[in-house]
Each structure stands twice: as structure tokens, then as C-alpha cells.
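>>> what follows is a predicted structure for the sequence shown.
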Amino acid sequence: MNTTAKKDRSMEIQKAMLARHYKRLAEADKTGDKCAYTFVPGNLTELMHVFDLLPVLPEINALQSAMRKKSAAYISTAEKGGHSEDVCTYVKCDLGMSRSGNLGPTGDPLPKPSILLLSYTGCFTFMKWFEILQREYDCPIVMLHVPYQADGRPTPEMRQYIVKQLEKKVIPALEEASGKPFDIDKLSDLLRLSARAEEDFVQVLDSAKHRPSPIDAYFGGVYYISPIFTAFRGTESAIEYYEALREEVEERVRQGQGPITPEGELIEEKYRVVVEGPPNWTHFRDLWKMFYDEGAVVVASTYTKVGGLYDQGFRHDPSHPLESLADYCLGCYTNLNLPSRVDLISKYVKDFDADGFLINSVKSCNSFSAGQLLILKEVEKRTGRAGGFFESDLVDPRYFSAANIKNRLESYFQMIEQKRSAAQPAAGDAS
Amino acid sequence: MRCFVGIDLGSTTTKAVVIDEDERLLGRGITNSRSNYDVACAIARAEAFINARFALFEEALAEAGLEEDRRTSLAKNLLLSFRKRQHLVQHDALAQTMMGLLEDTRYDGLRSELSHVLSTIIEGMSADIPDLFAPGAKRKSDFFRDVASSSFMRRAEAVRSDEIGFDVLMGLFDKSIIQVENSELDISFESNIRPALEEVLETKSGELGAEASRIQEALDRVAAIDLECVNSVGTGYGRTKLPFRKEQIRSEILCHGLGAHWMFPDTRTVLDIGGQDTKAIQVDSQGIVTSFQMNDRCAAGCGRYLGYIADEMNLGLHELGPLAQKSKRQIKITSTCTVFAGAELRDRLTLGDKREDILAGLHRAMMLRAMSLLARSGGVDDEFTFTGGVAKNPASVDALRKLVRENYGERTLNISPDSIYTGAIGAALFANRDAARAEATPCGAEQ
């Protein structure tokens, strides 16, 4: 009876969390709060909180700019500065933003970083991006090198290597930037809070195994990952958010309700699909509409794993804080090799009983897009379910061709429908 | 007779076909697509029904005991006469529209001179008509727009003056032809077939003699057949413009897959190259699509690529293939961008390379892009069916055959003379199958 009110609750909580966070950032120059810029994959949020460093995530700023239709101008600014058309559009959008007053998603200016915390997990561009930001802001930078899972699994040596970097490089650098000493007990306490939110988050993702799925795990999913992938892991408010969200989703399951879309609840779940690749942010709603207009629900996505594979069992462990951070970084989706990605997508198709899977191949992102055609073939072969492929970009609106993508998606869903029809005899066949 | 209609609204042409319950192809209709898809759709559909009646008429003539060569020549002459009548209806409408436009105030001061010049042109165009539809006459196109514009331009060139320039005349023509194309004129079978037959029988009366009444009876029988459109399905780029329910609209991928399967039941891989997109489709033994790939972001290598190149070389589209086939030394040309390919072409020509060698390179470049899509979609399986307008280009077919052999070994390559109708045929098959599932919407009850 009050699902709407409950839905509003988690959204309201998240809205308030973001507003508080951006307000603190906007006032940082006055209050003396310090901030660290960092990336989503392999983010060390709890560690930053130990030093009271406020996290700022340039990727999130870029996608927010795109959703607010500001990315085209920012990208153009960066291109005028000499960055080629082929450079990652997250980077260009962020640079353009910083050269246009560095206004964050709320319209308030973002503070300059006290340090750049470069956690490297699978994306070479991250290094170049922060090299540029270092020149831009003339601030200290510290890099955490996370070894790529070339053989498909992390080794104890890799873990040790990361822990050593944390102890010798990262923690001293954060101490210096923040002027505060490291406190491992505080870190453990924060990780304990993280694990609680992670548990609820996983239940939300898992709910998509129901028919109908109560959530869309891609378009809706990006809202669900927001706190846990960004500045709020290890906070009480994240726990509150995920508890509320989980309750709402469980209620939707009890009521047999489908996911909420921008145009209300999806009444008929016609297709269940898994999606690989990041969303397009410039036409986020348009793309979503192309799915829900066809009755298509995304039941699992890889993008919602770039900030950690919690659904595969990982939890931050307060009893081994630094090792746990190392394991977390090693396990992010962007750090997986191709065979592991194929395994994961195939597993999703089966576990979530999907009709097939779709790949959004993003022009900007080599680390995501390289090998996707191989993934397509291999997952098709393993699951026997139909794969589909379309192309767009992260935040450059020039690369979103709505007519082509719609055509592709409609064809894909009709192909699934045709396969189903072929499996049943036609009504007129008997006569 | 229960019929099913499939309509393919392509970027260049709009195609329609009519099939019967046994999935027998009865008629085909094609018209150039224009801004007004509704009209294009109506015309293509009307043409398909006309074509179906002609096919039925030939069958009826056979039943009436006419020899094969006799009925073939009769049907051919009847068609010519019928087309001429259709052309006359459109010609009259065009003449009337052009004269009507002279009322515009912009022609004040020029009106009487312009009216005189225009009348002369129209008379000349009328005089061109009998030859255009004489037995054995060659027309570069069957579309009224193309035939009328070529005749108009020739006549206008002859009578233009300093006072009445060519541009003024062409302006009048361009405005009028759009209006004529977008109006539904009575060019139907019912209204035009009898006078057409009378003309044929009169001119050939000595030859046909006593058969005339049997022929007349056969025509009466065919005209009386109720071609009941039970269901129709639309596909192609303009499909959302069709006045059809969502269920009656299918993606061209599915339609091309099913259409190709209908033409060649052992088809497993389909390549369709249309005006603005290339599709690589894999189908199963029932014609059901199992995977597909389409060109993204860029349409270099599609039909329009050839159109652009033809314009650059001042050649007709149909002349490109045969010229390229004369090549002895193929030149490598880019396929990444149509405009760059044009630049490369001009560069090569200034360097002294032969046109046929450059064209051979262009055809290969085009097919290299198609090969990449085929590889993405799962390769080339046996049998392999090539569809779409570009399948009519012999040099494209040669290049494709060679590349397929190099990459996949020997494959049976199918190309149907009806290849341009593949999508429409697939749509008609869906219309029939949907009807069997009781999802039919009778034609006319759409929207």
C-alpha cells in the first residue's frame, strides 16, 4: 500500500547524502576540509575517511555533467586545449569542467585536491588523466599499482604487493596531505560498516532473479551503486540507504511488481537481458526508454561491478583491513581478464535466467571495449542465448545515433520473440 | 483470394509484395521513397497488386489455351500500354500542376511568355510518350519522376531563352513533381486495364483474330478476383511512419532473414547491402535469425557510397559494376569514409590511373567492410545469400565471391532476381504467419 512512499524513502536518503556531501565540498575552502580526487574502480574510500579526506570522483563528475547536458561544451573546451577526438571522453569532460569553473553536479564549485589518489585498476588512461590533473592543480599524487589479473585469479604475492604499497607509499602520502596520523582501528571500524551495506546491496542485486524482476539492474542499477561506489562506503548513511532500498525491493517482490522506470512501473516483463559495458550518459533516459518500451528488463550488468564484485562474495573484512583493501582492488570488474569476464557474463545469463545479453560498446573506453566481440561470440556459444551489439559513447553526445541504436535493439528483441514463437506451433497449423 | 502484403520502406526505394496463403509470390511493387512515406507505401502497394493481377492474367491466358510465346508477348504489350496510360495520368497531373503554379505572383510580368514556353515543353513531353513505351524501348528508370524529368530537361534546354532561364523552368518542375508524387492519382488496374487492352487488341487485331474474346474473358475473370488483403506487415527505415499497429511492424533484420530463407531454404548466412546500411545475418534452418550485425556510426560501403562515387565519376549507378569488371590492375582504395574515397578517386585519376582499376578497388573496399561485419556476426556459412540493391552490381558480387573464398573457402552464393524485395517478402511471410496465429489486422483497418 505504501510502496511509493518506501521508494521515495531510499531516493530521498540518497538525495540528502549527495546534497550533504557536495555542500561540504563547496564549503571546504571555508571549513578547511581537505579532499582527495580518486577513481571508482579500486577506490579506497574508507582509507580516505580515516584521514577525513573528502572523496571527489572525476568520473562521476563527468557522467553527471553528461546527464545535465553539459558534456558537449566541456569536451569541446578540452579539444580546443589540444586533446584529440580519440581521447577518453570522461577525461576531456573532466578537463573541460575544471577549466570552466570546476562546478560540480549541484552547481557549486569543487575544491582543489589536496592529493590525487591514483588507484590503478585496469585502465591505463587513469594514469595519464591524473598526470594532467597533477599539472592542472600542482598537487601531490600517489599511485597504487594494482596488478592485472592476467591469469584470472589474484595470487598471495599480488595481495602482498598491494599491502606493501599501502604501508610504504599510500598511507604516508595521505598522512602528509591530510596532516593526520593513520589509525588502523578506525579503518577496521569503517570496513565493518562497509560490509553491512555491502550485504544489503547484494540482496538488492540478487532480487533480479525473481520473475518479474523488481529492479532494472543497469539503468536502475546505476542509482543503486552510487553510494557504495563513491564517497559513502563505510558510512552510517550508506547503511541506512541500503537497508531502506532492500526493504523496498523485497516489498516489490512480495507484491509481484516490476521495476520502476521514469514513466512508472514496468507492467509486463517481456525480455530479461544481461548488459555488458558502461551506460551512455548523454542519452541515458532515451536509451532506457528503448528498453522499457519493449518490455525489456536488465537483470544483471557488468557495469554495476566496476566498483567491486560484491555479488560474487567479496566483503570488506575488518579483521584484515589492508589485505581486504588489496583484495577489493584486485577483484574489480575492470581488473578482470577476458576469460573471467566471459565466465561472469555467462554465469549471469544462467543465474538470472536471461533471454540473452547485450553489449554496449563504448567508443571512449578501450579497457571495456577491447575484446567485446570475442566476449559476444564466446558467451553466445556457452549459453546458447542470443547476443546483441550496439555502439555509443560515455559522455560525448556526438556518438549517440538514436535511430541506429533503436533499430538494433528492436531487431534484437524481435529476434528473441521470433525464437520463442518458433518454439511453439502456430494456432492455424492444425487446420 | 486471401492475400498478405509486406512493405519495406527503405531509404532509397519503397518495396511492396503480395503473397497468397501458400506463400506464393503474386506481385511486386517498387517506387522511389520520398519525404512522404505514406504515399510511397500506397503506391508500392498498389503497384504490387497491379503486378499480381498481371501475373494472374498470364495464368488465365494459359488456362484459356494461348500458346506460351503468344501470351508472353501479349502480356508484355499489355503492360507497356498499361504503363503508358499510367504515365499519361501522371503527365496530365504534372502539366496541370505546373500551369497552375504560374498563378503565383512571383511570375507577374513573365506569365504569358512562361505559359507559352511551358506549353511548348509539355507538348514536347507528350510527344515523347509513345516512343518511351513503344515495344523494345529502353528506359533508364521506370519511375515517373525520372522519365518525366529527363524528358522535361531535354525539352526545356531546347526552348529556354534569356528571359526564361533553365533555372526558372526547373524550379517549376521540381515544385510540381513533388506535388504529383505526393498525390494519389487514379493509376489503378481497374481504371486503366481495359483501355490498355483495347489499344493492344486494336493494334494487334489482325494477328489475334478470334482469340480476342477469349482474352477479354480472361481479363474479366482476373479483374473479378477479389484480392482480399488479410494482413500486412511493414519493415524498413520508414516503418514507424507506417499506419500500422506495433505488432504489424517488424525489424528488417528478421524480414531479410526470413525472406532469404524463403528464396533459398538452405541459406544460413545473409548479407544485405542497402542504401544506408549493411546487415550480416545468421539464420537457422527455419529462417529464424540467430545473430546479426549492422554497420554502426558510418555508412561508408553501403549503396549510397556507390551512388556518391557514380556522381563523382559522372556515371550512372548501373554503369559502375560493368566498368569495374574491365579492370586488369585493381587499386587499393580506402573504405573508411565515402567522402575520402571520393577524394582518393580524384587523386588517382589525376595520377593517371584508369577508371576501371579505381572502381575495382572501390568495390573491393566496400566488400571488405561487409566482410568485417560478416566476421562479427559469426562468419559465412553455407549457403550464403546476398540481398539488397547492391547485389545487382556485378563487380560487387565478384569482389564478395573472391573475399568469401579467400576467407571461408567455397560457399554457394545465392542471388535472387527478386533480391531487392527480400525484406518485403519476409514482411509478407510474417503477415501470413501472424494471421495463422490470429493476430491479423485486415488492410484498411490499420492504425
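Received the coordinates, thanks. Note that this is a predicted model, so its numbers are computed, not measured.

>>> can you list the weak-confidence ranges in chain A?
A:1-7, A:424-431 (pLDDT under 70).

>>> mind listing what the residue most central in space within it touches?
The centre of chain A sits closest to A:Thr304, judged by C-alpha atoms, centre = their mean, with a distance of 4.5 Å. Under the criterion of C-beta atoms under 8 Å, 6 or more residues apart in numbering or on different chains, the contact list for A:Thr304 reads A:205, A:217-218, A:221-222, A:224-225. Placement of C-beta: from N, CA and C, glycine included.

>>> what number of residues lie near the residue in the stretch 101-250 of chain A that chain B sits nearest to?
Of all residues in the stretch 101-250 of chain A, the one sitting closest to chain B is A:Tyr218 (19.9 Å; C-beta to the nearest C-beta). Other residues within reach of A:Tyr218 by the criterion other C-beta atoms under 10 Å in any protein chain shown amount to 28.

>>> how about the one 10 residues further on?
Neighbourhood size, A:Ile228 [other C-beta under 10 Å]: 22.

>>> can you list the neighbours in contact with the host helix or strand of it?
Taking DSSP states H and E as the criterion, the element that holds A:Ile228 is helix A:221-229. Helix A:221-229 is contacted by residues A:11, A:14, A:17-18, A:40, A:43, A:197-198, A:201, A:204-205, A:215, A:233, A:237-238, A:241-242, A:245, A:279, A:298, A:301, A:303-304, A:306-308, A:310 when judged by C-beta under 8 Å, 6+ apart.

>>> I'd assumed A:Lys112 was in contact with A:Ala36.
No - when contacts are counted by C-beta atoms under 8 Å, A:Ala36 is not listed as touching A:Lys112 (11.1 Å).

>>> quick one, strands of chain B?
Chain-ordered strands for chain B, with DSSP state E as the definition, fall at B:2-9, B:13-20, B:25-32, B:228-235, B:269-273, B:278-283, B:289-294, B:384-387, B:413-414.

>>> compare the ones you listed and report which one is nearest to A:Pro339.
Between A:Pro339 and the strands of chain B, the shortest separation by C-beta to C-beta is 21.1 Å, and it involves strand B:289-294.

>>> does chain A sit close to the closest one?
Yes - using C-beta under 8 Å from any C-beta of the partner chain, we find that strand B:289-294 touches chain A at B:289-294.

>>> can you list the strands that that strand pairs with?
strand B:278-283 (antiparallel) (DSSP bridges).

>>> would you mark the buried spots in the partner strand?
Using 16 or more other C-beta atoms under 10 Å in any protein chain shown as the burial criterion, the residues of strand B:278-283 that qualify are B:278-283.

>>> so for A:Ala36 and A:Lys112, which residue has more residues nearby?
More neighbours surround A:Ala36 than the other of A:Ala36 and A:Lys112, with 27 against 18 (other C-beta under 10 Å).

>>> residues near the closest residue to that one other than its chain neighbours, how many?
The spatial neighbour of A:Ala36 that comes closest, neighbours along the chain excluded (C-beta to C-beta, 6 or more residues apart in numbering or on different chains), is A:Leu53 at 4.3 Å. Applying other C-beta under 10 Å, we find 25 residues neighbouring A:Leu53.

>>> can you turn the buried part of the contacts of helix A:221-229 into a PyMOL selection?
Buried residues within the contacts of helix A:221-229, as defined by 16+ other C-beta under 10 Å, are selected in PyMOL through the command that follows:
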select buried, chain A and resi 11+14+17+18+40+43+197+198+201+204+205+215+233+237+238+241+242+245+279+298+301+303+304+306+307+308+310
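
>>> now intersect the contacts of helix A:221-229 with the strands, please.
Assigned to strands by DSSP E, the following of the contacts of helix A:221-229 qualify: A:298, A:301.

>>> so who does residue 50 touch?
Using chain A. Residues touching A:Val50, when contacts are defined by C-beta under 8 Å, 6+ apart, comprise A:174, A:180, A:182-183, A:186-187, A:190.

>>> other chain: chain B
In this structure, B:Ile50 makes contact with B:27, B:29, B:82, B:188-189, judged by C-beta under 8 Å, 6+ apart.

>>> just the CA atoms of stretch B:358-376, as CSV, please.
As requested, C-alpha coordinates have been extracted for stretch B:358-376 and formatted as CSV (Å, rounded to 0.1, in the frame of the first residue of the first chain):
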residue,chain,number,x,y,z
ILE,B,358,40.0,2.6,-59.3
LEU,B,359,36.4,1.3,-59.5
ALA,B,360,37.5,-2.3,-59.0
GLY,B,361,39.4,-1.1,-55.8
LEU,B,362,36.3,0.7,-54.6
HIS,B,363,34.1,-2.3,-55.0
ARG,B,364,36.6,-4.4,-53.1
ALA,B,365,36.9,-1.8,-50.4
MET,B,366,33.1,-1.9,-50.0
MET,B,367,33.1,-5.6,-49.7
LEU,B,368,35.9,-5.5,-47.1
ARG,B,369,33.6,-3.7,-44.8
ALA,B,370,30.9,-6.2,-45.4
MET,B,371,33.4,-9.0,-44.6
SER,B,372,34.2,-7.4,-41.3
LEU,B,373,30.5,-7.3,-40.4
LEU,B,374,30.1,-10.9,-41.5
ALA,B,375,33.0,-12.0,-39.4
ARG,B,376,31.5,-10.2,-36.4
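
>>> which bits of chain B sit near chain A?
B:237, B:250-254, B:286, B:288-294, B:296-297, B:376, B:378, B:433, B:435-438.

>>> any quick ChimeraX command for the buried ones out of the residues you listed?
In ChimeraX, selecting the buried portion of these, with burial taken from 16+ other C-beta under 10 Å, looks like this:
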select /B:237,250,251,252,253,254,288,289,290,291,292,293,294,296,376,378,433,435,436
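
>>> name the element A:Ala36 belongs to?
Taking DSSP H and E as the criterion, A:Ala36 maps to strand A:34-38.

>>> repeat that for A:Asp343.
When secondary structure is defined using DSSP H and E, the element that contains A:Asp343 is helix A:338-351.

>>> next secondary structure after that helix?
Counting by DSSP H and E, what follows helix A:338-351 is strand A:356-362.

>>> contacting residues around that next one?
Residues outside strand A:356-362 that contact it (C-beta under 8 Å, 6+ apart) are A:271, A:273-280, A:345, A:348-349, A:368-369, A:372, A:375-376, A:379, A:383, A:385-394, A:409, A:412, A:416.

>>> ok so, going back, and which of the buried residues of strand B:278-283 is nearest to B:Gln330?
With C-beta to C-beta as the yardstick, the closest approach to B:Gln330 among these comes from B:Thr278, at 21.0 Å.

>>> quick one: pLDDT of the nearest residue to the closest one once chain neighbours are set aside?
The spatially closest residue to B:Thr278, leaving aside those adjacent along the chain, is B:Asn295, at 4.8 Å (C-beta to C-beta, 6+ apart). We note a pLDDT of 79 for B:Asn295 in this prediction.

>>> what pLDDT does the residue of the stretch 301-447 of chain B found nearest chain A get?
Closest to chain A within the stretch 301-447 of chain B is B:Ala436: 3.2 Å, counting by C-beta to the nearest C-beta. pLDDT, B:Ala436: 85.
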